[in-house]
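**Q** just to be clear, the model below is a prediction. Sequence and coordinates:
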Protein chains: 2
Amino acid sequence: MGNIVRVNMSNGSVKSEELPEKWTYFGGRALTSAIIGEEVPPLAHALGEENKFVIAPGALSGSTAPISGRLSVGCKSPLTGGIKESNAGGQLAQIMARLGISAVVIEGKPEKDKLFTLILKKDDFRLEPADPFKNMNNYELVENLKKEHGEKNTAFMTIGSAGERLLTGASVAVTDPEMRPTRHAGRGGVGAVLGSKGIKAVVCNDANTDMRKPADKEAFTTACRKFAKALSEHPVTSEGLPTYGTNILSNIINEAGGFPTRNFTTGQFEGTKNISGEKQTDLMKERGGIISHGCHRGCVIKCSGIYNDKEGKYLSKRAEYETVWAFGPNCGIDDLDDITRLDRECDDIGLDTIEMGAAIAVAMDAGICSFGDSKGALKLLEEVKNGTPLGRIIGSGALITGQVFGVEKVPVVKGQALPAYDPRSIKGIGVTYATSPMGADHTAGYSVATNVLNIGGKADPLSKEGQVEVSRNLQIATAALDSTGLCLFVAFAALDKPECFAAIYEMLNGFYGINMTADDVVAMGKEVLKTERDFNNRAGFTKQKDRLPGFFNKVPIAPHNTVFDVPDEELDQVFNF
Amino acid sequence: MGNIVRVNMSNGSVKSEELPEKWTYFGGRALTSAIIGEEVPPLAHALGEENKFVIAPGALSGSTAPISGRLSVGCKSPLTGGIKESNAGGQLAQIMARLGISAVVIEGKPEKDKLFTLILKKDDFRLEPADPFKNMNNYELVENLKKEHGEKNTAFMTIGSAGERLLTGASVAVTDPEMRPTRHAGRGGVGAVLGSKGIKAVVCNDANTDMRKPADKEAFTTACRKFAKALSEHPVTSEGLPTYGTNILSNIINEAGGFPTRNFTTGQFEGTKNISGEKQTDLMKERGGIISHGCHRGCVIKCSGIYNDKEGKYLSKRAEYETVWAFGPNCGIDDLDDITRLDRECDDIGLDTIEMGAAIAVAMDAGICSFGDSKGALKLLEEVKNGTPLGRIIGSGALITGQVFGVEKVPVVKGQALPAYDPRSIKGIGVTYATSPMGADHTAGYSVATNVLNIGGKADPLSKEGQVEVSRNLQIATAALDSTGLCLFVAFAALDKPECFAAIYEMLNGFYGINMTADDVVAMGKEVLKTERDFNNRAGFTKQKDRLPGFFNKVPIAPHNTVFDVPDEELDQVFNF
């Protein structure tokens, strides 16, 4: 599609080169994983000069395809030790794609303690010193960048102090249309890798560029319309998500008994009504927030929102379901203002909310503060902000928090914290958690759709039967989708409506002038997963890494009194394709 | 040989059962590894109820065989995630063996925060509550135990506050003949496993028992004499070690350029003359210390010693070479009083000195304190003692310290810190570090003997040639030796003198009335290693775990300007037998 921009932090060079032909139609995750798989030694230190940090817009980003602005970042993860693709919304993907950039590859390592801003404007790719931004967190940093670079046609990628400190819970922030650092590539410690490269900010501006042009305008436009129509007709993408955001799930998952509460002690939270999407929307309405808001231009679902405080002043984005869960039930906190403040702090410091909620819950299990103590939780994030030893422990994520405090119950796979669904009561997602090359990641194969929402088929969440197939198919489809730049949430419609699924490859066909079939989409997803598994295998990962922590197999969880019982031998069949 | 005593911490039962026939001649490491390999699920949480803590005297312990009082403890290691045998001197092995105990197996898990003492006296095996000892460190604890249980015929195994806190740098202390907690099974976080079982102390008393009797008294006595004579004739075991202790190595290894200094930055330390064994002996003489002292009765080498402070008062045992290195050159400290104080603190809190020296050096690299700052180092151990977040980080070892503080250069293999020999200038020991199932462990196959001391053959330390064979043979021999209860230091003579080596299996033959040959010793060592490798494989270890951290392959070290260049393919041949 375009060029690879290579940024060498060892010598400061920024060079553009043509995308190799073999990767012509690759975007997003397909491209980040291909580059990492080919160029990073699997045993490289994740924070060393041999690792690379790749930023790739999706294959359709920068075009008029609806909701095509998702961005992938890739690297070897300092959290999992394996390959990582972490995905974010925000404005950057569209702008970067319009600059003709297929991927930015940041490699090497600068002099110690030197910071840089990477500037990507039309005919102007360069590094400039960013030392004055040292230890600055995302909100303040973005204000400074706005003053310097303006807001028009602009998007920023930034790290806060967590990324600079190389904490393995550190995220990468991307600005939303209002130039707030609220959209994060959160998982796997990607912020630490960007920090290890000395990149404090990436400034992208697409002034004087055009929308990317399709090869077959008519076919492309027809497919885009078909796609938008399908999204507008599915209840989840047209009503549920726009009205209640992702937090529509709190009531649903609580009802299903899969809402992990107080560090995965029980599957239902007594305070759910106080933190649900319905309650959140009511509060946002009362306080003059924005209920339905796109995290990037071109979004047609608009599940994000603006959450104001009691005085009606902007506090943060609408906290996503995973965040509401991480700081809510998982920490025993039932106050949306507190949860949103914790969300805001994470966005500011540059931290993965899932990892932080998990780490704080583990710290609560260790007695550092009590379940339900929202002030204690906020204080822990304050410690991360201040870089104290305790803050560094928490900021390093749940696994290290558990190790340092001697906690046995630590819900991680491959070192990465489990998201907001208990695998004992929603077994399909347990298969994804266990086997995804990414570590525990709900977005890698969202079996919750099939298990609980009856989307894309049905599978009893409490039964072990058929879950491997559910997860396998979703992992394949997701790997393909993550490569297009389309938001994962289109999958709700695509899984239910064949014409919506068809519209996806028809958009690719129209845009690139090719002839993909449904089978080709599947083949593409398999290829991405194989590349990722191959990297992990070369890094020394074995089937024993494709397991949930033992307590999920042994300690039953209320209300269903079930354990995760999908046999190991079946887990080992997920990638048997 | 005797019985297995099973201590179930879940229900408080203590039961004796016969040693299975297949393990009749097993002792020490052969037995701990066999039991762990057979009874612990490889994916068990190391601090959970499925792990077991095994204590086993050697096959010859409790007999009149010279220097046969080494003790093995075994478990799944919370530091490496693999199988662990950690070895200690002190009085316990002899006493336990005379009680007819081949192994104590501590299993299950007690109620949270409950502490117990395990009493092992003739016809009296039981648990008693030890809650008053909570948070007590080893020196004070031992004073209390002495008051309660006396000193005669007695030995204690204890953990300090580090073990109670489940820190992965925690050791298990064993009392020496003067009832001081100075002999430690240091490596792999074994103290945390004992802590997780709620065992604060093991009290052993062999009153009213006899020395274990050989099957063939004459053959046994002849072999013992032959063995003692050989030890008395070899310069290392008869002169070097008794006069200067293990710290005789400081000058030698510094001269060889393999003395890792300031977190493995260079291979020679400018302050070596101030910390050498020669200097240490002079100081000890001046202050009325004891130069040559056995860590257990029956020792004929007597390499340990008593180190007094400037006022002539007992400060600690003579700090061992590895400890002198860990806190000395590795932390840039060149004062023996400071180093001995750090050693004393580790013995008291119950910490592995190698792991602590490595962790503090990594913290120094992170700027927490400066290289050479002995007060800063002591303060860090104080933090461990107080259980502060910073102390918990350091007490968790070098790997976690590096992760939490974002340090790239962390000298560990399989999570365990490298001891006192740089693998770039003494390549044979690098092969052992990389491949031992124990993680980086000099005692697992001490190639330094052949590389530097020209014992058991010669191999140029700077050449990669032949190092795999050197390490393989030593790892096999060591695994066998670690099973006998004989001190590893007998190997200096056994490697050089065929009659010394023969005396070892002749002692076993005489004691058990069997007919082992030299080949059988080799077969025994191989069997132990196979058991250990098999456990690790089932825990998901692959060849990628058998590697040194990348900087050893890339960053040359002064004075020889060499890197570790034994090819990966050769490392993978170490266990090809």
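**A** Right, received. Where do you want to start? Just so it is clear, the model here is predicted, and its values are computed rather than measured.

**Q** contact residues of chain A facing chain B?
**A** Contacts of chain A with chain B, taken as CB under 8 Å from any CB of the partner chain, map to A:42-45, A:47-48, A:50, A:78, A:165-168, A:192, A:196, A:388-390, A:392-393, A:396, A:400, A:403-406, A:408, A:538-545, A:547, A:549-551. Using the backbone N, CA and C atoms, a C-beta is placed for each residue, glycine as well.

**Q** in strands only, show me those residues.
**A** With DSSP state E as the criterion, strands contain none of the residues of chain A next to chain B.

**Q** now the nearest residue to residue A:334 once chain neighbours are set aside: phi and psi?
**A** Leaving aside its chain neighbours, residue A:334 sits nearest to residue A:271 (2.7 Å; criterion: CB to CB, 6 or more residues apart in numbering or on different chains). Note on residue A:271: backbone dihedrals following degrees, to the nearest 10 are phi -100, psi 20.

**Q** same deal with residue A:86?
**A** Main-chain dihedrals, residue A:86, degrees, to the nearest 10: phi -120, psi 140.

**Q** grab the nearest non-local neighbour of it.
**A** Once flanking residues are discounted, residue A:86 sits nearest to residue A:185: 3.9 Å by CB to CB, 6+ apart.

**Q** related to what we said a few turns ago, buried members of the residues of chain A next to chain B into PyMOL, please.
**A** To isolate the buried subset of the residues of chain A next to chain B in PyMOL, counting by 16 or more other CB atoms under 10 Å in any protein chain shown, use the following:
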select buried, chain A and resi 42+43+44+45+47+48+50+78+165+166+167+168+192+196+388+389+390+392+393+396+400+403+404+405+406+408+538+539+540+541+544+545+547+549+550+551
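
**Q** domain parsing of chain A, as residue ranges.
**A** Chain A is divided into the following domains under automatic domain parsing: A:3-205, A:214-244+A:423-577, A:252-421.

**Q** OK, contacts around the residue nearest to residue A:334?
**A** A:328-329, A:332-334 (CB atoms under 8 Å, 6 or more residues apart in numbering or on different chains).

**Q** of all those, which comes closest to chain B?
**A** Chain B lies nearest to residue A:332 out of these, by CB to the nearest CB, at 18.9 Å.

**Q** between the contacts of residue A:271, which is nearest residue A:476?
**A** Nearest to residue A:476 among those, counting by CB to CB, is residue A:329 at 30.9 Å.

**Q** can you count the residues close to the residue nearest to residue A:321 when sequence neighbours are not counted?
**A** Nearest residue to residue A:321 in three dimensions, chain neighbours excluded: residue A:246, at 3.9 Å (CB to CB, 6+ apart). Residue A:246 has 20 neighbours, counted by other CB atoms under 10 Å in any protein chain shown.

**Q** tell me who's in contact with residue A:174.
**A** Contacts of residue A:174 by CB under 8 Å, 6+ apart are A:71, A:88-92, A:155-157, A:181, A:183-185.

**Q** by neighbour count, which of the residues you listed wins?
**A** In terms of neighbours by other CB under 10 Å, the contacts of residue A:174 top out with residue A:71 at 32 neighbours.

**Q** I'd assumed residue A:88 was in contact with the residue nearest to residue A:86.
**A** Yes. Residue A:185 is in contact with residue A:88 according to CB atoms under 8 Å; the separation is 4.1 Å.

**Q** mutual contacts of these two, please.
**A** Common neighbours of residue A:185 and residue A:88 (CB under 8 Å, 6+ apart) are A:71, A:73, A:172, A:174.

**Q** which residue is the nearest non-sequential neighbour of the first one?
**A** This points to residue A:71. Residue A:71's closest residue in space is residue A:93 (CB to CB, 6+ apart), at 3.9 Å.

**Q** can you check what pLDDT the model gives that neighbour?
**A** pLDDT, residue A:93: 98.

**Q** residues touching it, list them.
**A** With contact taken as CB under 8 Å, 6+ apart, residue A:93 is in contact with A:57-58, A:61-62, A:68-71, A:296, A:485.
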